[in-house]
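S.K.: got a structure for you, letters missing:
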């Protein structure tokens with residue numbers, strides 16, 4: 001089985017409940033199993049700043065699905081939860097966003113998928129929850145905790161468990 005990391009984000013509706021539903025959809029059969037889940041974090045919006053704060057988390061999964069099949073599953077889960085990418089503002093409000101971050105140590109760069117996620121090392125809202133569950137994981141030549149130490153994570157608030 002492969003090890004993969006998926007980021008979850010959203011700022012519309014009951015995001016934490018939507019996360020639970022998204023994880024259940026992703027892990028709905030024996031092809032995907034949840035290994036670890038970070039805490040939820042409240043984060044400032046990124047890109048379009050005139051919108052409510054986001055909630056972000058990261059999960060680690062074990063999967064028999066190939067990377068593109070896993071991408072399809074994440075996108076199917078988003079649609080099932082009400083996301084319509086064609087109708088939303090880029091970096092704008094959304095109920096759910098599922099982004100594949102890593103899939104083993106695979107490097108993929110095609111029209112559908114880029115792994116490792118191309119901007120994850122710039123985004124504290126990804127690195128903070130990732131560092132909670134996999135601080136010693138390498139992304140290329142850099143350890144997750146070291147990547148986090150290089151960026152500003154001020155204002156990210158760990159939420160109490162529900």
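M.R.: Sure thing, it's come through. What you are looking at is a predicted structure, and each value in this text was computed from that prediction instead of being measured.

S.K.: the helices in this protein, which residues?
M.R.: Listed in chain order, the helices of the chain (DSSP state H) span 15-26, 67-80, 124-133, 144-149.

S.K.: and residue 140, how many residues sit next to it?
M.R.: 9 (other Cβ atoms under 10 Å). For glycine as for every other residue, the C-beta is placed from the backbone atoms N, C-alpha and C.

S.K.: one step back: out of the helices of the chain, which is closest to residue 1?
M.R.: Distances from residue 1 to each of the helices of the chain were compared using Cβ to Cβ; the minimum, 11.6 Å, belongs to helix 67-80.

S.K.: What are the boundaries of the strands in this structure?
M.R.: 2-10, 32-37, 41-43, 54-63, 97-103, 108-109, 114-115, 138-139, 142-143, 157-158 (DSSP state E).

S.K.: Sheet-wise, list the partners of the fourth one with their directions.
M.R.: Note on strand 54-63: by DSSP bridges, its sheet partners are strand 2-10 (antiparallel), strand 32-37 (antiparallel), strand 41-43 (antiparallel).

S.K.: Can you list the buried residues in the shortest one?
M.R.: If you call a residue buried by 16 or more other Cβ atoms under 10 Å, then strand 41-43 has these buried ones: 41-43.

S.K.: So which residues make contact with that strand?
M.R.: Contact partners of strand 41-43, identified using Cβ atoms under 8 Å, 6 or more residues apart in numbering, comprise 53-57, 124-125, 128-129, 155-159.

S.K.: hmm, try it at 7 Å
M.R.: Strand 41-43 is contacted by residues 53-57, 125, 128-129, 156-159 when judged by Cβ atoms under 7 Å, 6 or more residues apart in numbering.

S.K.: Alright, I will stop here.
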